[in-house]
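Enquirer: coordinates for the following, if possible.
(one chain, ligands or ions: 2)
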Amino acid sequence: MDLHLELLEVQRRVQGRIPLPSFELNAAIFARHQADATPLLRFEDIPLELSDLRLVVRQMADILRRFGALEEKEYQQVQALGRDASLTAVLGDWYRAPALRHAAAVGHGPAPAAPLHDTGAFDQLFTVAMRPFLSRCAEVIQQRPELASWPHPHCAVCGGEPDFAVITSAAERHLICGRCALRWKFEPLTCPYCRNSDRTQVTSFATPDGQYRVYACDVCTRYLKAYDGRRAARPVMPVVDGVATLPLDAAAIQRGYS
Ligand SMILES: [Zn+2]
Ligand SMILES: [Zn+2]
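Expert: Numbering: from 1, shown residues only. Ligands and ions are numbered 1, 2, ... in the order given. Modelled structure (predicted):
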């Protein structure tokens, strides 16, 4: 929990000074991306300032190493990466990977080559380091009315997967992107990871206080946590709620989900 609070603090400090992105967005562009299932935000459109980016990568890496989430060898690789010019290229590959994987899965392109830094530790580092920049971009698109019709289980902004959800007062389920925190409505009982919609193949259970819920898919064995906002006094806070529900992760993993 301390680890996540420290990561969040760095994000808060950085995010405030990131400019809003300027990229063209209108109903026709939205419709085209929706039809192609491709994310709206190109890597080139993210307002990345190299000195800010280097700083946030270094600070996040320091925190992750201090809490043992980054090994010494990986930490040294990150330090080297922060010094040379390839940092932006590496992050560009990381950013585009989910959209390329998705396109390959539906037969629209070759499978992407395994990224250079293909371990969970790097993915975690890049996710937290890019979050302030991507969240800023998501703020812009979150306001767009066209988002209401986005039917895909991956994020309209960045192509990332949801890693949390919220049940709204209207009993809709909104997915929350694990990279940019965009929220969008999705069918309440369809697995966003494999699209299984057979209700007998989805195990759902709540915490005793009814505040959180887990949807576990018996087809792909992945699970998604949700904050139940129907009787809640406050809005969902994805990072905080993600940490508060670590015992639910343990319960889901114990039942064989991942
Ligand atoms: Zn996203
Ligand atoms: Zn599934």
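Enquirer: residues of the chain that sit close to ligand 2?
Expert: With Cβ under 5 Å from the ion as the criterion, the chain meets ligand 2 at residues 191, 193, 194, 196, 217, 219, 220. (Glycine included, C-beta is placed from N, CA and C.)
Enquirer: got the contact list for the fifth one?
Expert: To tie it back to what came earlier, the one meant is residue 217. Residue 217 makes contacts with 191, 193, 194, 196, 201, 202, 203, 223, 257, as judged by Cβ atoms under 8 Å, 6 or more residues apart in numbering.
Enquirer: separate out the buried members of those residues.
Expert: 191, 193, 196, 202, 223, 257 (16 or more other Cβ atoms under 10 Å).
Enquirer: what helix or strand is the last one on?
Expert: Using DSSP states H and E, no element contains residue 257; it sits outside every helix and strand.
Enquirer: break the chain into its domains for me.
Expert: What automatic domain parsing lists as the domains of the chain is 2-146, 187-254.
Enquirer: pretty sure residue 88 contacts residue 48?
Expert: Yes. Contact criterion Cβ atoms under 8 Å: residue 88 and residue 48 qualify, at 6.9 Å.
Enquirer: who's more crowded, those two?
Expert: A count of neighbours by other Cβ atoms under 10 Å puts residue 48 above the other of residue 88 and residue 48, at 17 against 13.
Enquirer: how close does that one get to ligand 1?
Expert: According to Cβ to the ion, to the nearest Å, residue 48 stands 16 Å off from ligand 1.
Enquirer: residue 81 now?
Expert: Distance, residue 81 to ligand 1, using Cβ to the ion: 23 Å.
Enquirer: what segments of the stretch 151-258 of the chain are helices?
Expert: For the stretch 151-258 of the chain, the helices defined by DSSP state H, counting those that start in this stretch cover 238-244, 246-254.
Enquirer: among those, show me which one is buried the most.
Expert: Sort the helices of the stretch 151-258 of the chain by mean neighbour count, taking mean count of other Cβ atoms under 10 Å, and helix 238-244 sits at the top with a mean of 17.
Enquirer: relative to residue 25, how far out is the residue nearest the centre of the chain?
Expert: By Cα atoms, centre = their mean, the mean C-alpha position of the chain lies nearest to residue 178, the distance being 1.5 Å. Counting by Cβ to Cβ, to the nearest Å, the gap from residue 178 to residue 25 is 22 Å.
Enquirer: before we move on, what about residue 153?
Expert: 22 Å.
Enquirer: shaky segments in the stretch 101-250 of the chain?
Expert: By pLDDT under 70, the low-scoring segments of the stretch 101-250 of the chain are 112-119.
Enquirer: what parts of it come near ligand 1?
Expert: Looking at ligand 1, the residues of the stretch 101-250 of the chain close enough under Cβ under 5 Å from the ion are 155, 157, 158, 160, 177, 179, 180, 182.
Enquirer: one more time with 8 Å, if that's ok
Expert: Residues of the stretch 101-250 of the chain lying close to ligand 1 (Cβ under 8 Å from the ion) are 134, 138, 155-160, 177-182.
Enquirer: for the residues you listed, which one is nearest ligand 2?
Expert: Among these, residue 178 lies closest to ligand 2 (Cβ to the ion), at 15.9 Å.
Enquirer: turn the helices of the stretch 151-258 of the chain into CSV, columns for distance to residue 99.
Expert: As requested, the helices of the stretch 151-258 of the chain are exported to CSV (distance: least, Cβ to Cβ, whole Å):
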stretch, distance to residue 99
helix 238-244, 21
helix 246-254, 27
